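**Q** Here is a sequence together with a model predicted from it:
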Amino acid sequence: MQGYLSLVLHAHLPFVRHPEHEKFLEESWLFEAITEAYIPLLQTLEGWRRDGMDTRLTLSLSPTLCAMLLDPLLRGRYERHLNSLIELAEKEIHRTHWDRTFREHAWMYHHRFVSIRDTWRAGEGNLVGAFRRLQDEGHIEIVTTAATHALLPLLAGHPPSLRAQILTARDHYRSCFGRDPVGIWLPECAYVEGVEAFLQEANIRWFILDTHGVLHARPRPRYSTFAPIYTPNGIAAFGRDFDSSRQVWSKHEGYPGDARYRDFYRDIGFDLDFDYVKPHLPSPENRGFTGIKYYRITGGAGDKQIYQRDLALQAAGEHAQHFLDERIKQAQGVARFLDRPPIAVAPYDAELFGHWWYEGPEFLDYFARKLFYDQKVLTLITPSEYLHRHPTNQIAAPGASSWGEEGYWRAWLNESNEWIYPHLQIAQERMTGLAKKFHTATGLKARALRQAARELLLAQASDWPFILRTGTSPDYARRRVKDHLLRFIALHEQLTVTAVDEKWLRELESRDNLFPDVHWSYWK
C-alpha cells in the first residue's frame, strides 16, 4: 500500500414540507433524490457488504435531509410517488409495444423502480436507519453538516448563530445515529477563521476544505493537500484533491459529459401528450420530470440519439478504470516525496451519482470493486481512520475559501440575494436577545422560543440565496426566506410585546417541524 483515497459523498437537500398542499412541486426534489441517488447508493453499499469487501466510504447526511427522510408525511407521499412511477412505466410498456427499442427501455425503468420499492419496503421506508446500520457495522462513516446548511462565513459576524448551527446539527445527529459526529462537511466547503472554535465545542475532530483553503494556509502546508493540517486548536482540515475533482466535475473533462451517458433533460414528461403524463407529474398543472428518459447526451447540436444501456455501462467501466489508474499514478508519484502515504480526499455531492449522472452508482460500484480486487497500491479510508493511523500533522491556519464560484462566497452574496442579509442580521441579534431574556422559560413561551429558533435556522439556509443566484426556482426561494423571517418577527413580537397565539404556534409547529428539541439557549 502506497497511498490512501477518501471518497466523501455529501447528501443534502433544503427542508421542503408543505402539508397544506396535497401535491407540491418542490417536494419532488426529495422524491427524485431518493429514487435516483440515495436508494441506489444504499443498494451499492449493501452489495459491497454482501460480498465481504472491506471498502470504506464517508457519507455526509445533512440534518434537514434526515428530518425529511424521517418524516411520516413525506415518507407516505414518497411511496405514493414511487407507485405512480411504476404505474407510468407499465403504461409505457404498453404504449411502446410495437417499438422494440423504447419498449426495452420501458422495461428497464419498470425493473429499476420495482427494485427501488423493494429496497424501500425492506427497510420499512427508513433510509436513515439503513445508513445507520451500515455505520454501526463499520462499513461507512456518517458525518454531519450545519443544521440548515447555512454558509458559515456569512454568519461569522454573529458568532451565536455559528454556534447554534453547529450545536443543533450535533444534537440532531445524536438523535439519528446514537453517537456524536466525528467529522463535519462545512456547507459548500466554506471556511473562515473562527468556525473551528464552535467545532471544538461540539467535539468535532475534522472537516474538509476546498483545495486553496489548505494551499493558502499559514504557514504553507508541507504536504500540500496530501495530508491534513491541524488548526491551532487541534481540529484537522483535509483539502479537496484537485485532480480527482477535475476528472468528475470539469465541464470539459468530467466523466458525466460523455456522449454515451443518459441525457438528464430529455424526459417523457416534456415529450409525450400532457394528459397522458399529467397524473404522474410532480405538479399537475405543469410539465416536469418523471425520471423516464430515452435519449443519451449524444453531443453537438444535432438531434438526440437513443440511449443504449450497454454502451453507457461500458463507459462507466472505462471511466472507473481510468479514475483508478490516475489515482494509482498520483499516489505513486507523490509518495516518493513524502515521509508517509499520501491521502487524496475526493468529495462530491451525493446527488451527482444517479440523479444528475444516471450511471454514477455503477461508476462507484465498478471503481470500488476494481480498487478492492485488482490492485494493492491504494486503500479506501475515511478521514477519521487516517487520523487514527497518522495522528501527527502540521499545525497551520487555513485560508478563507469555499468550493463555490470564484472560490469564495459570490454564489451566496451578490446582487440577486444581498437583500437577505440585513434582515438576517437583525433577526439573529433579536434571537440572542430572546435567549438572554427567556433563558429559563417553560410551557408556551418555551415552545414559541423553539419555533423562533427553527424559523431563523430555516431562513439562514444557503439554498435560498443559491437558488436566487441560479434562477432555477427564484419565486419559491424568495418566498421561503420572507415567510421564515416574517414568522420569526411575529414570534418575537408575541414573546416581547403581546402574547403567544397558541393556535397559530401549533400550526407553525406542525408545518416547520424539524429539530423538535432545539435549544434556544445556543444563541445566548
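**A** Thanks, I have it.

**Q** any idea how far Asp273 is from the closest residue to Lys293 other than its chain neighbours?
**A** In space, not counting the residues next to it along the chain, Lys293 is nearest to Asp267; the distance is 5.0 Å by Cβ to Cβ, 6 or more residues apart in numbering. Just so you know, the C-beta spots here come from the backbone N, C-alpha and C atoms, and that holds for glycine as well. According to Cβ to Cβ, to the nearest Å, Asp267 stands 14 Å off from Asp273.

**Q** Tell me which of these two has more neighbours.
**A** Applying other Cβ atoms under 10 Å to Asp267 and Asp273 shows that Asp267 carries more neighbours, namely 19 against 8.

**Q** Shouldn't Ser245 be within a helix?
**A** Yes: read with DSSP: H, G, I helix; E, B strand; the rest coil, Ser245 is one of the residues of a helix.

**Q** So what's the residue count around it?
**A** Based on other Cβ under 10 Å, the number of other residues close to Ser245 is 19.

**Q** Which residue, other than its chain neighbours, is closest to it?
**A** If the residues on either side of it in the chain are set aside, Ser245 comes closest to Ala346, at 6.8 Å by Cβ to Cβ, 6+ apart.

**Q** What of Ala164?
**A** Across the structure, with Cβ to Cβ, 6+ apart as the measure, the residue nearest Ala164 apart from its sequence neighbours is Tyr522 (4.0 Å).

**Q** swap in Phe131?
**A** Excluding the flanking residues, the one nearest Phe131 by Cβ to Cβ, 6+ apart is Ile142, at 6.2 Å.

**Q** how near is the residue nearest to Lys293 to Leu281?
**A** Asp267 sits at a distance of 10 Å from Leu281 (criterion: Cβ to Cβ).

**Q** and if you look at Gln394?
**A** Distance of Gln394 to Leu281, computed by Cβ to Cβ: 54 Å.

**Q** For these two, indicate the residue with more neighbours.
**A** Taking neighbours as other Cβ under 10 Å, Gln394 and Leu281 compare with Leu281 leading, 20 against 14.

**Q** what's the pLDDT at that one?
**A** Looking at Leu281, its pLDDT stands at 94.

**Q** which ones are touching the residue nearest to Arg389 when sequence neighbours are not counted?
**A** Leaving aside its chain neighbours, Arg389 sits nearest to Ile381 (7.9 Å; criterion: Cβ to Cβ, 6+ apart). Counting by Cβ atoms under 8 Å, 6 or more residues apart in numbering, Ile381 makes contact with 4-6, 56, 343, 389.

**Q** Identify all contacting residues around stretch 293-311.
**A** Contacts to stretch 293-311, defined as Cβ under 8 Å, 6+ apart, come from residues 101-102, 105, 108, 257-264, 266-268, 312, 358.

**Q** cool, stretch 394-406 as well?
**A** The set of residues external to stretch 394-406 that reach it, using Cβ under 8 Å, 6+ apart, is 151, 153, 188-193, 209-210, 212-223, 227, 229-232, 237, 240, 407-412.

**Q** Then stretch 427-434?
**A** Applying Cβ under 8 Å, 6+ apart, the set of residues contacting stretch 427-434 from outside is 155, 158, 160-161, 449, 452-453, 456, 459, 485, 488-489, 492, 495-496, 520, 523-524.

**Q** 7 Å - rerun?
**A** Around stretch 427-434, the neighbours that count as contacts under Cβ atoms under 7 Å, 6 or more residues apart in numbering are 158, 160-161, 449, 452-453, 456, 459, 485, 488, 492, 495, 520, 523-524.

**Q** Alpha carbons of stretch 84-92, in CSV - could you do that?
**A** What follows is the C-alpha trace of stretch 84-92 in CSV, where atoms were taken according to Å, rounded to 0.1, in the frame of the first residue of the first chain:
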residue,chain,number,x,y,z
SER,A,84,-47.0,6.3,-9.6
LEU,A,85,-43.7,5.9,-11.4
ILE,A,86,-44.2,2.1,-11.6
GLU,A,87,-47.7,2.7,-13.0
LEU,A,88,-46.2,5.1,-15.6
ALA,A,89,-43.6,2.6,-16.6
GLU,A,90,-46.3,0.0,-17.0
LYS,A,91,-48.2,2.4,-19.3
GLU,A,92,-45.0,2.9,-21.2
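
**Q** ok now that stretch, how far from the chain's centre?
**A** A distance of 28 Å separates the C-alpha centroid of stretch 84-92 from that of its chain, computed with Cα atoms, centre = their mean, to the nearest Å.

**Q** likewise stretch 89-102?
**A** On the basis of Cα atoms, centre = their mean, stretch 89-102 sits 35 Å off its chain's mean C-alpha point.

**Q** what do you get for stretch 341-352?
**A** For stretch 341-352, the distance from its own C-alpha centre to the chain's C-alpha centre is 13 Å (Cα atoms, centre = their mean).

**Q** Okay, buried residues for that stretch please.
**A** By 16 or more other Cβ atoms under 10 Å, the buried positions in stretch 341-352 come out as 341-348, 350-352.

**Q** That stretch: end-to-end distance?
**A** Across its full length, stretch 341-352 reaches 29 Å between end residues, using Cα to Cα, to the nearest Å.
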